[in-house]
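Q: here's my sequence, what's the structure:
(2 chains)
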Amino acid sequence: MKVAVCLKRVPEMELRFSISADRKSLEQAGLKYEISDFDGYALEVGLQLVERAGAGDVVVLCLGPDGVQETLRKALAMGATRAVQLKADEVPFDGLAIAAALAAELKGGEYDLILFGRMATDTASGTVGPMVAELLGLPCVTAISHLDIADGQGTARRDLEGAAETVRFTLPAVLTIDEGIARPRLATLKGIMAAKKKPLETKPAALGEARVTVEAMALPPERSGPRFVGEGAEAVPELVRRLRTEAKVL
Amino acid sequence: MAVTFAFAETRGGELRKVAFEAVTAARQAADASGGGEVHALVVGAPGIASKAEALGRYGADVIVVVEHAGLERYNPEVAAATAAERLRAGQYRAAFFSASAEGRDLAPRVAAKLGVGLASDVTAFEIQGDSLLAQHPAYTGKIIVTLRLTGTPAIVSLRPGATPAAEQPGAARIERAAPAVDPGTSRVVVTELAQQTGAKLDLGEAPVIVSGGRGLRAAEHFALVEQLADAFGNAAVGATRAVTDDGWRPATDQIGQTGRVVSPELYVAVGISGAIQHLAGMRTAKTIVAINKDKDAPIFKVADYGIVGDLFEILPRLTEEVRKVRGNQ
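A: Got it, this is the predicted structure:
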């Protein structure tokens, strides 16, 4: 079983973000980074599949500046076999440009599965996985919350709005992983030591042409609130009045 | 003049609410570029054409219907190939999908097939010369990013509820088309669609959402939330991650970055402190009401109206008052 897991390094979301003077990017100072949540689940799924198969490799890929090497080392410490950094000064907002770079690297790799998180927690677009699948001509199932692999066939579950789908697919395939499918393991001290000796290769990212660019970044419009209507149950009639006359939602 | 495209989602042989939203957005985009036709694509099992006609009342001029016995359930490979084939054949300025579970699966495939730009989970857009500008909440909703898409068609997936469906007079002509690829050859097949039982209104479709957090203290106290939702009559019940993690509510009720992202007319947050992960899922609601005992809770920072106090006293009173108002309507 040969599995590739594409990871993204994202800022920790609990931090306060500020916008740079160009109004198009985030102020980098003070940002701390981590593996995007869903990508952690994808990595865990990959590790478990290879463990269950008894043999194989988990190759982790990450596109970005040299800071992503730390992300890749962490994945190696969790148990990935080798790592590839696709070096780019910054990660564009254009999913197809990223997908082109990843697909160029993944092509010919003879992976049984290529895994992604459902979406990155920073850009929250969730487009790169299915785009890579299209570029490589592979079947793809997105946002899966359950997975079974047997005899070159997969069965996955996707949660929809108010419903769930059972999906059957053939391997090789591209999958994007929703949370809850497998809790990412913690790296052990032994894993961390071993990771230092595992191969981490750096190559230039062949980013495709940018068709989507960031025009502006802004903070969300300030709500005029909090307009405290009052305290306790006595405030309820006033709330209802305002919902009817001001907000006109009742 | 510009022709625009909308993918109209169906489920269980019916058009979904997001189908009308996509058509409405395509109408707006066509009108903003000097007025042109809106073409809607509907893919489904035989019989879907009779349902598809309704899109004409939301601004569609041409409804392309693809009926096939093998398309009762969503087929990503057929839907993507068929949408891409249609978009290649015409001079489409923009193409609209929903950022629903299905649309988020479909739109990137189509964009990659065509080699064009895609903006996901868009809350507002504007045609500007040769570009389409799209607003997309990112960084758990803490930053609104405006993306510039160049090239045509610009592909957009719309956050459900953010561009409400708007009726307008008109009728569409129906065009029949065949699936671009044979559904029998698909490598990805949806073998079962299980509708959740008991769910009244879906979170993505409900104009009002009443949502509960840890402040409710126990699973059984969600009855208070459900009673308020019932009083509204058009409300769905949501929950925070803490609540779904504890099994008080099903995981599918979770609103937040890792759950559902919703944009209802009215969002009532009950006993919810307002963790970043939750705010990411609801902060684009049109009106937000927060009820919490802690006046410094972060939820009040995004709320339009707040009541500080004991939810166990406030909720029954609110249910009673809403019932009165609804009763008179």
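Q: can you map out the strands along chain A?
A: Counting by DSSP state E, chain A has these strands, from start to end: A:2-7, A:9-11, A:33-35, A:57-64, A:82-87, A:113-117, A:140-150, A:153-160, A:163-170, A:173-177, A:200-204, A:212-218, A:227-231.
Q: turn those strands into JSON lines, columns for distance to residue A:186 and mean neighbour count.
A: Placement of C-beta: from N, CA and C, glycine included. Below are these laid out as JSON lines (distance: least, Cβ to Cβ, whole Å; neighbours: other Cβ atoms under 10 Å in any protein chain shown):
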{"stretch": "strand A:2-7", "distance to residue A:186": "16", "mean neighbour count": "25"}
{"stretch": "strand A:9-11", "distance to residue A:186": "18", "mean neighbour count": "21"}
{"stretch": "strand A:33-35", "distance to residue A:186": "12", "mean neighbour count": "19"}
{"stretch": "strand A:57-64", "distance to residue A:186": "16", "mean neighbour count": "24"}
{"stretch": "strand A:82-87", "distance to residue A:186": "18", "mean neighbour count": "21"}
{"stretch": "strand A:113-117", "distance to residue A:186": "18", "mean neighbour count": "28"}
{"stretch": "strand A:140-150", "distance to residue A:186": "22", "mean neighbour count": "20"}
{"stretch": "strand A:153-160", "distance to residue A:186": "26", "mean neighbour count": "20"}
{"stretch": "strand A:163-170", "distance to residue A:186": "30", "mean neighbour count": "19"}
{"stretch": "strand A:173-177", "distance to residue A:186": "18", "mean neighbour count": "28"}
{"stretch": "strand A:200-204", "distance to residue A:186": "20", "mean neighbour count": "14"}
{"stretch": "strand A:212-218", "distance to residue A:186": "34", "mean neighbour count": "18"}
{"stretch": "strand A:227-231", "distance to residue A:186": "43", "mean neighbour count": "17"}
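Q: lowest-confidence stretch among these?
A: Mean pLDDT is lowest for strand A:227-231 among the strands of chain A, at a mean of 89.
Q: tell me which residue is most central in chain A.
A: Central residue of chain A (Cα atoms, centre = their mean): residue A:120, 3.3 Å from the mean position.
Q: what about residue A:88, how many residues nearby?
A: 18 (other Cβ atoms under 10 Å in any protein chain shown).
Q: do residue B:313 as well
A: 13.
Q: for it, give me its contacts.
A: Applying Cβ atoms under 8 Å, 6 or more residues apart in numbering or on different chains, we find residue B:313 in contact with A:232-233.
Q: repeat that for residue B:191.
A: Per Cβ under 8 Å, 6+ apart, neighbours of residue B:191: A:166-168.
Q: look up how far residue B:224 lies from it.
A: Residue B:191 sits 39 Å away from residue B:224, going by Cβ to Cβ, to the nearest Å.
Q: cool, residue B:141 as well?
A: As for residue B:141, its distance to residue B:224 is 27 Å (criterion: Cβ to Cβ).
Q: can you give me the helices in the stretch 201-329 of chain B?
A: B:222-232, B:241-245, B:276-282, B:299-302, B:311-327 (DSSP state H, counting those that start in this stretch).
Q: any idea which helix is longest in chain A?
A: helix A:37-53 (DSSP state H).
Q: follow-up on the earlier one: let's have the strands of chain A in CSV, adding distance to chain B.
A: Shown next, in CSV, are the strands of chain A (distance: least, Cβ to the nearest Cβ, whole Å):
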stretch, distance to chain B
strand A:2-7, 14
strand A:9-11, 7
strand A:33-35, 13
strand A:57-64, 16
strand A:82-87, 18
strand A:113-117, 11
strand A:140-150, 5
strand A:153-160, 4
strand A:163-170, 4
strand A:173-177, 8
strand A:200-204, 22
strand A:212-218, 4
strand A:227-231, 5
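Q: right, so of the ones you listed, which gets closest to residue B:210?
A: strand A:227-231 (16.8 Å; Cβ to Cβ).
Q: just say which of the helices of the stretch 201-329 of chain B is most tucked in.
A: Most buried of the helices of the stretch 201-329 of chain B by mean neighbour count (mean count of other Cβ atoms under 10 Å in any protein chain shown) is helix B:276-282; its value is a mean of 24.
Q: can you list contacts of it?
A: If you take Cβ under 8 Å, 6+ apart as the criterion, helix B:276-282 is touched by A:13-14, A:124, B:137, B:140-142, B:209, B:211, B:213, B:238, B:240-241, B:254-263, B:267, B:269, B:272, B:288, B:298-299, B:302.
Q: where does pLDDT dip in the stretch 51-200 of chain B?
A: B:197-200 (pLDDT under 70).
Q: now the strands: where do they sit in it?
A: Assigned by DSSP state E, counting those that start in this stretch, the strands in the stretch 51-200 of chain B fall at B:62-67, B:92-98, B:118-122, B:124-128, B:131-138, B:143-149, B:154-158, B:173-177, B:188-195.
Q: can I get the last one as CSV, trimmed to CA atoms?
A: Output for strand B:188-195, consisting of C-alpha atoms alone and laid out as CSV, is shown next (Å, rounded to 0.1, in the frame of the first residue of the first chain):
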residue,chain,number,x,y,z
VAL,B,188,-17.3,6.6,-8.1
VAL,B,189,-20.8,5.4,-7.4
VAL,B,190,-23.2,6.6,-4.7
THR,B,191,-24.8,3.3,-3.7
GLU,B,192,-27.1,4.6,-1.0
LEU,B,193,-28.5,7.9,0.1
ALA,B,194,-29.8,7.8,3.7
GLN,B,195,-32.0,10.7,4.6
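Q: so it versus strand A:163-170, what angle?
A: 160 degrees (axes from the mean of the first three to the mean of the last three Cα atoms, to 10 degrees).
Q: how about residue A:28: what's its closest non-neighbour residue?
A: Among residues not flanking residue A:28 along the chain, residue A:20 sits closest, at 7.9 Å (Cβ to Cβ, 6 or more residues apart in numbering or on different chains).
Q: and the gap between the one you found and residue B:143?
A: 11 Å.
Q: anything in contact with each of those two?
A: Common neighbours of residue A:20 and residue B:143, using Cβ under 8 Å, 6+ apart, are residue A:26.
Q: between these two, which one's more packed in?
A: Neighbour count, other Cβ under 10 Å: between residue A:20 and residue B:143, residue B:143 has more, with 19 against 12.
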